[in-house]
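Below is the sequence, then the predicted model.
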Amino acid sequence: MPTYYTSFDDLHIVMDSYKSDVDQILAESKTQALGHKIPTFKLADDFIPDLDEVLFPYLIAESKSTCFSLFKSGVDQKIEQAARRQKSYMQSDMYRVKKENKRPYYGKR
């Protein structure tokens, strides 16, 4: 029913129209919204970041690589290799759409 909508304060939503002959007010049960929530990051020992489970190995590999370069004054080749491998896996799988194998239809059955 509304064509355009926006929010000025991230709390209230302003819409351009709605059909008043269907309902006099907008009901919660008939409203659907889509948004993005940005998680907060805390610097605490027991904090678990809000990531997909496929990204955790990349986070651990990059953390180990950074730790080795900062505290050991060197680079561990195996950890660098694992970090590169996880990064390439993550980047190749990022925009892949999970869909069934559809074959083209050329008019013959």
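All right, it came through fine.

From now on I want contacts and neighbour counts done on CA atoms only, so please keep to that.
Will do.

averaged over its residues, what pLDDT does stretch 82-96 have?
For stretch 82-96, the mean pLDDT works out to 76.

Doesn't residue 88 belong to a strand?
No. With DSSP: H, G, I helix; E, B strand; the rest coil as the criterion, residue 88 is located in helix rather than a strand.

Residue 76: how many residues sit nearby?
Under the neighbour criterion other CA atoms under 10 Å, residue 76 is assigned a count of 13.

roughly how far apart are it and residue 67?
Distance from residue 76 to residue 67, counting by CA to CA, to the nearest Å: 10 Å.

Next: residue 84.
Applying CA to CA to residue 84 and residue 67 gives a distance of 16 Å.

Kindly report the same for residue 51.
Between residue 51 and residue 67 the distance is 21 Å, computed by CA to CA.

Give me the below-cutoff pLDDT ranges for the chain.
Counting by pLDDT under 70, the chain contains low-confidence residues at 93-105, 107-109.

which strands and helices sit next to the helix or strand hosting residue 58?
With the criterion set as DSSP states H and E, the secondary-structure element containing residue 58 is helix 56-71. Contacts defined by 3 or more CA pairs under 8 Å, 6 or more residues apart in numbering; DSSP states H and E place helix 56-71 against helix 77-93.
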